[in-house]
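Asker: The following block contains a protein sequence and its predicted model.
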Amino acid sequence: MTADSEMDIKEAFQRAQKGHNNKAKLVANLNSRYNKLEDKTLFHEEFVHYLKYAMIVYKREPTVENIIEFVARFATSFLSPPKTEEEEKQEEEEEEEDDEEDDHPFLSFIFNFLLESHKASSHAVRFRVCQLINKLLGSMAENAQIDDDLFDRIHQAMLVRVTDKFPNVRIQAALAMTRLQQPKDSDCPTINAYMLILENDTNAEVRRAVLSCIAMSPRTLPKVLKRTRDIKENVRKLAYQVLADKVHIKALTIAQRVTLLQQGLCDTSETVREMVSSRLLPAWLLRVEGNVIGLLHKLDVENCADTALETLKAIFKGTLTEELPQNRAQLDNRKLIPVDSLSCENVLYWRALCEFLKAQGDDGEEMLEQVLPDAATYADFLYRYLKVVPLLTEEQRADFNQLELVMTKEFISQQLIHLIDCLDTNEEGGRKRVLSVLQEMLALPQTPSSLVSLLTEKLLTLIPDDHRRIQTLAEIISDVREPIMEASAPMDENMSRRHQVQLAEVKVSIMEAKQTLEDSIVAQDFSRAAELKDSITELENRRNQILQEVQEISQPADKEIREKNDPETLLRCLTMCAELLKQMGIKTRIGPTISALMSSLVLPSIANAHPAVRNMAVVCLGTCTLHSRELAKAHMVLLLQIAQLDEVKIRISALRAIVDLLLLFGFQLLSETAANLTALNSKSPDRREEDAPAAEEKGDAPEDTAQSILVMLSEFLDSEVSGLRTETAESLAKLMYTGRISSAKMFSRLVLLWYNPVTEDDTRLRHCLGVFFQLYARESRAHQEVVEEGFLPTVRTLMNAPATSPLAEVDVNNVVELLVELTRPSALIKPSTNTEEVCVHDYLAVRICGEMLKDPTAPEVRLYTKTLSNLELSGDGTVKKDLQTLLQQLVQEVKDRVSLRGLEKMICQLADSKEQAELLSPNALQPLDVNADEAAADDPSKCAKRAKRGTAGQRKVCAARSGRKPSRRAESSEESDGENVPESVPQRRPSRRAKTAALEKTKLDLNTLINQEANVS
């Protein structure tokens, strides 16, 4: 090979580094040179020689990226251009005669070189190998074919590299396998690897890369759906984008559609919500030809009305306001949907449209008038529909078809009632008509119980004055429970029969006389006719007299009022009463009307045999006591008894009432009821001594009474009933956050409950406590002291948990890390301005040292040592001396080498922190090595410092850690770039001048290395 040709390859690589050069020309020139050569071996070796300079660079330098792009284009330039279908068919026919379609020698050589290099020790080489294979496969035509052996070798190599320890290598390997997938193969190794990565890879960018290239099939769809609940918002966003672009709405079940919308539209990230609104919903609407009602048919609107409303709201936001009235839901000229055409979907659409236009204010008022009639017309329409909703008997409820029909009518009725909020009730006549319809429907016995609460709510909304509300609801409750009945007087059967016989005789005589009269007139016997006429008159008078007597006998003697005590009536009345008490202002006093309802309706219903009646009575009692301190004192004992003795649902209602009273009035409310609670004190004295926290003592609240209630709550935390346990945990969180109680042991119980694997499926409990820990610890220093005080009891409980206990599975390191983050001084919302105040971590350090001195050989000493190194200690001189003394004692006692190194390091830091800072500062100014990460990764001493975390309780610290901003490296789990993966957050493009300046500063020129090598040779 001549020197000119050698320079040609070198020059091509030099020019390819610069982005402004035309790579197509470079490829064409080099391609023509290659085709003229007879011996290709030297060209191959020299080409690879120059390629290696780029492959040892891990950083994404523009020059290196240009070379990789050039190599991929040159290698694939030897392939034949894409063929049409006719050409493919012709080729298949000629395959038997001519077998010349083998892979090009250069392309095969490049693939062989890359596959031999994929196991290199340098992660930079592995990264570039996977990147080049990805670009080579991606540059081939869609119908390109490669040798089966080469296919298998690439496949096996990428399956190995997809488990590489460097995220960037895994990303490129995953992208390279895109075209190696076989979705129809139930055991495709590539798809199996993809699904494993989606489930288990810790790096978010790797999961995003797999999401962007995985083929959709019944096997992979559940994995992609699961990524919509990923911890990283970028992954969630891309998962929704993939579902919008690749998955037909019919491929999803109704439950999956509803879940996607429910989670996506309520996601904490704005970008994810925007993705669902702007990509997923339009894609689904496109599948149903833009018919919004048709889209609602694809959802279960009866069981997910809230999700459907959010979906419609998102659709309306993406539609021009002027176009909204054009999509009216089958309204007639009266602006109403005909009763025969009412369905769950179109009535929900009508409601959502009206509510959306109502929320627009003045801008939507004119359009709202086009889709909604006046209040009086709508009230008549609502009344006519509600009257025909049937009330099923127990026998009819057994018929599923009838039950489904009634449930549909009730759902439609609920949506029509909700539309009352959108009516213009400023006009007096319309408002009165709506009020009268609501009152009449509440008083009707056949109104379904499921509509009573909603009807009451809308009625109270239209009545602004509390006293008028009370009066109106009291009258309705009285009419429902004590209707006026007509009592008929007892009738003598003999007398009645005698009157009936006489009446029959008179009627027969009248008929005979009339017939004789007609005959006399025909015979022209007018004198006889006159006599018969007088006789008929007398008989008719006699008949009227008998009818009057019968009417008088059957007429009611008087009217009586009968009180109805059946469960349906009581539940209806209690529901209205509960809604009234909720709508009343908290400062409204309990008047005679409410007192009468309490004594005649609520209190007697607490002893009712029907559980639903008892539960609603407890709700009414608890709500009513919030309006009166005296009433709360009188019935606190009753609520406490119900909370321990009744059914679970009723106990939860009573517990809510008790906690609401304690939040409103404090524990001093119990001062009047201490004597009545002595029975509760003797329940578990040992437990009370252990868990008794210091309650807030404003006034003279007796400690025993407060302890009794808290012992009861502590026992509820151990309940096997999930609902009661969750409600208790939420109640304790409220009491602690508001400062009503302050207890380190109770906080420790809540932390253990949060980490306990038993509560893993209790989403509400986990979410509630996760939010509480953050808010509570960041609120004040006093709260951090409570957390600090509960640190050691929590760790002791976990370390001493028996092997059979679920707590044995909890990762203690993770719990300790959480508690350290919660007590970090920098996590406070309002840090203390008092510089002389001792830091909470200082106290915690002293406590930990004291615990280590108790047993220096205990296995948890290493954990405590690691915890000491993570604390933010203040610069207080006294605390430093105390800690130095304790640490020196520990150095003499502790035998574990790892712990000793940590303790000695702590002593050095406390001795002279300024010198340590000076020693460390020059290291930060050292120049960056391109492949510095490789050495760091290969150093086992650095890798050993990484904390090992178990599976139980993992990733919870991220939820509770909000005081410090995590580093960018920690967020990405080592460095990764996510090439070929759609960006999650759109960034503003820099100007051309700024980009040029940035490239000049950061670009890496390989010419120096190439020339240096040439000179040496």
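Answerer: That came through, no problem.
Asker: On the three-state scheme, the residue nearest the centre of the chain is what?
Answerer: A centroid search over the chain (Cα atoms, centre = their mean) returns residue 263, at 5.2 Å, as the residue closest to the centre. Put simply, residue 263 is helix when judged by DSSP: H, G, I helix; E, B strand; the rest coil.
Asker: Looking at the nearest residue to it once chain neighbours are set aside now. What's its pLDDT?
Answerer: Closest residue to residue 263 in three dimensions, ignoring its sequence neighbours and counting by Cβ to Cβ, 6 or more residues apart in numbering: residue 228, at 6.2 Å. Quick note: C-beta positions are derived from backbone N, CA and C, even for glycine. Looking at residue 228, its pLDDT stands at 94.
Asker: Okay, now the unreliable bits of the stretch 801-950 of the chain?
Answerer: 832-837, 876, 912-950 (pLDDT under 70).
Asker: let's see it at 80
Answerer: The model of the stretch 801-950 of the chain has pLDDT under 80 over residues 830-838, 874-879, 909-950.
Asker: give me the number of residues near the residue nearest to residue 263?
Answerer: By other Cβ atoms under 10 Å, 23 other residues sit near residue 228.
Asker: Quickly note the distance from it to residue 240.
Answerer: 6 Å (Cβ to Cβ, to the nearest Å).
Asker: Common neighbours of those two, please.
Answerer: With contacts taken as Cβ atoms under 8 Å, 6 or more residues apart in numbering, residue 228 and residue 240 have 260, 264 as neighbours in common.
Asker: hang on, the residue nearest to the centre of the chain packs against residue 230?
Answerer: No: between residue 263 and residue 230 there is no contact under Cβ atoms under 8 Å: 11.0 Å.
Asker: what about residue 65, how many neighbours?
Answerer: Neighbours around residue 65, by other Cβ under 10 Å: 16.
Asker: now residue 807, nearest residue through space, not along the chain?
Answerer: Residue 807 sits nearest to residue 801 (Cβ to Cβ, 6+ apart), 3.9 Å away.
Asker: oh, I was asking about residue 777
Answerer: residue 822 (3.8 Å).
Asker: Please give me every residue in contact with that neighbour.
Answerer: 773, 774, 777, 784, 787, 960.
Asker: now these as CSV including secondary structure, distance to residue 330 and neighbour count?
Answerer: Converted to CSV, these look like this (DSSP: H, G, I helix; E, B strand; the rest coil; distance: Cβ to Cβ, whole Å; neighbours: other Cβ atoms under 10 Å):
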residue, secondary structure, distance to residue 330, neighbour count
773, helix, 51, 23
774, helix, 49, 18
777, helix, 55, 28
784, helix, 60, 24
787, helix, 59, 24
960, helix, 51, 22
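Asker: mind checking how far residue 563 is from residue 759?
Answerer: 47 Å.
Asker: quick one, which of those two is more surrounded?
Answerer: Per other Cβ under 10 Å, whichever of residue 563 and residue 759 has more neighbours is residue 759, with 20 against 9.
Asker: Let me see the contact set for the residue nearest to that one when sequence neighbours are not counted.
Answerer: Sequence neighbours aside, residue 765 is the residue nearest to residue 759 in space, at 5.3 Å (criterion: Cβ to Cβ, 6+ apart). By Cβ under 8 Å, 6+ apart, the residues touching residue 765 are 722, 725, 726, 729, 730, 753, 754, 759.
Asker: Could you give me the ChimeraX selection string for whichever of these are buried?
Answerer: Selection command for ChimeraX covering only the buried members of the contacts of residue 765, criterion 16 or more other Cβ atoms under 10 Å:
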select :725,726,729,730,753,754,759
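Asker: Widest-spaced pair of the contacts of residue 765?
Answerer: Longest distance between any two of the contacts of residue 765 is 14.2 Å, between 722 and 754; criterion Cβ to Cβ.
Asker: With adjacent residues omitted, what lies nearest to residue 514?
Answerer: residue 536 (6.3 Å).
Asker: Distance of the one you found relative to residue 508?
Answerer: Distance of residue 536 to residue 508, computed by Cβ to Cβ: 13 Å.
Asker: now swap in residue 285 and tell me
Answerer: As defined by Cβ to Cβ, residue 285 lies at a distance of 78 Å from residue 508.
Asker: The two - which one has more neighbours?
Answerer: residue 285 (17 against 11).
Asker: isn't residue 782 right next to residue 742, touching?
Answerer: Yes: using Cβ under 8 Å as the test, residue 782 is close enough to residue 742 to be in contact (7.5 Å).
Asker: now the stretch 101-250 of the chain, which segments are flagged as low pLDDT?
Answerer: Flagging of the stretch 101-250 of the chain using pLDDT under 80 yields the residue ranges 101-105, 141-146.
Asker: So which residues of it form strands?
Answerer: Along the stretch 101-250 of the chain, no segments are classed as strands by DSSP state E, counting those that start in this stretch.
Asker: where in the stretch 301-450 of the chain is pLDDT low?
Answerer: Looking at the stretch 301-450 of the chain by pLDDT under 80, you get 320-331, 390-400.
Asker: how about the strands of it, start to end?
Answerer: Using DSSP E, counting those that start in this stretch, strands in the stretch 301-450 of the chain do not occur.
Asker: What is the burial count for the nearest residue to residue 140 once chain neighbours are set aside?
Answerer: Distances taken as Cβ to Cβ, 6+ apart put residue 76 closest to residue 140, at 5.9 Å, once the chain neighbours are dropped. Residues lying near residue 76 (other Cβ under 10 Å) number 21.
Asker: cool, residue 804 as well?
Answerer: 6.
Asker: So it belongs to a helix, correct?
Answerer: No: using three-state DSSP, the assignment for residue 804 is coil, not a helix.
Asker: follow-up on the earlier one: same list (the contacts of residue 765) but as a markdown table, adding pLDDT.
Answerer: What follows is the contacts of residue 765, written out as a markdown table (pLDDT from 0 to 100):
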| residue | pLDDT |
| --- | --- |
| 722 | 90 |
| 725 | 93 |
| 726 | 93 |
| 729 | 94 |
| 730 | 94 |
| 753 | 93 |
| 754 | 93 |
| 759 | 90 |
